[in-house]
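Q: Fold the following.
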Amino acid sequence: MRLRRNGDPDPPGLEWEARKPWKAQNELTDRQTIEYDEETYFCRTRDSSDGTWRVAYGSPISGGGSRAFLFSNGELRWSVWTDHPIAGFVSERGTVVILGGGAADDLDGGVRAFDASGTSTLEASYEANVADGDLSADGSFAVVQTHPPDNRTYLYDLTDGGLIVDHASDWGQPAVARIGSDGDTRYVYLSESREKRPLYALDESGSVAWESERHRKRRPLIDRIRTRLRSA
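A: Below is the predicted model:
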């Protein structure tokens, strides 16, 4: 764990100075037009880390609802309708996660997940729009971060579609949620903007595994004392 000049260490598994800033989701995609069902879709695409799968999501040029597509080695595997997609992820196993940002004039974000065959494994909605999210490389673990008024971090086990954690960000307003690892241990890094290093990090159980000095100082004194007593 590398120390910074002010003594605040980097989160486990992340060297912020070497990788900053966080990239916006659209910076991690390419663009592609897809011909499907006599329509031309203008899509964003993203590949799995091993390059064998590609997820695409977008709307027809003629107008109308959006679709998501999954390709394997260039061959279309399936396609589904999806509402207001703002980001798509695909794992090395063909697991797909689509984030729905919600309508511009409403608070109705959501997330959907599918396995490689196109079977739905997760569908959840929020009374807020979606800020960010991520998917683990093996497709077993996903995170969704919502905007206020919800302002929560949701961790999902995609092997059974279950919600692991519904985490309230009491002393921060994360806008970026990304998955990383340190050896076999996975973390969710939460930042208030793409330009800022993480405010704190959660482990897979939703516990705060690391926090910056900025986050620590925002907590009430009694809470900080309890934390020190537990770690003593």
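Q: if I pick the spatially most central residue of the chain, what's in contact with it?
A: Closest residue to the average C-alpha location of the chain: residue 133 at 1.4 Å, with CA atoms, centre = their mean. Contacts were defined as CB atoms under 8 Å, 6 or more residues apart in numbering; by that measure residue 133 touches 87, 89, 97, 99, 111, 142, 143, 144, 145, 177. Any C-beta I mention is one placed from the backbone N, CA and C, and that applies to glycine too.
Q: Now do it against residue 141, distance only.
A: Here the criterion is CB to CB, to the nearest Å. By it, residue 133 lies 11 Å from residue 141.
Q: follow-up on the earlier one: as a markdown table, the contacts of residue 133 with neighbour count would be great.
A: Written out in a markdown table, the entries for the contacts of residue 133 read as follows (neighbours: other CB atoms under 10 Å):
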| residue | neighbour count |
| --- | --- |
| 87 | 25 |
| 89 | 23 |
| 97 | 27 |
| 99 | 28 |
| 111 | 22 |
| 142 | 26 |
| 143 | 27 |
| 144 | 25 |
| 145 | 27 |
| 177 | 27 |
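Q: Residue 159: neighbour count?
A: Each residue near residue 159 was counted by other CB atoms under 10 Å, and the total is 13.
Q: Thought residue 142 was touching it, still the case?
A: No - taking CB atoms under 8 Å as the contact criterion, residue 159 and residue 142 are not neighbours in contact, 10.8 Å apart.
Q: So for residue 211, what's the nearest residue that isn't a sequence neighbour?
A: residue 200 (4.0 Å; CB to CB, 6 or more residues apart in numbering).
Q: which residues of this structure score low on pLDDT?
A: Low-confidence regions of the chain, defined here as pLDDT under 70, cover residues 1-7, 102-104, 221-232.
Q: Recalculate using a threshold of 50.
A: For the chain, the stretches with pLDDT under 50 are 1-6.
Q: check which helix or strand covers the closest residue to residue 14 other than its chain neighbours.
A: Once flanking residues are discounted, residue 14 sits nearest to residue 180: 5.4 Å by CB to CB, 6+ apart. With secondary structure defined by DSSP states H and E, residue 180 is part of strand 176-182.
Q: Using PDB, list the CA coordinates for that strand.
A: What follows is the C-alpha trace of strand 176-182 in PDB, where atoms were taken according to Å, rounded to 0.1, in the frame of the first residue of the first chain:
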ATOM      1  CA  VAL A 176     -18.300   7.100  -9.500                       C
ATOM      2  CA  ALA A 177     -18.400   3.400  -8.500                       C
ATOM      3  CA  ARG A 178     -15.700   1.100  -9.900                       C
ATOM      4  CA  ILE A 179     -14.600  -2.500  -9.100                       C
ATOM      5  CA  GLY A 180     -11.000  -3.300  -8.500                       C
ATOM      6  CA  SER A 181      -9.000  -6.000  -6.700                       C
ATOM      7  CA  ASP A 182      -6.000  -6.700  -4.500                       C
END
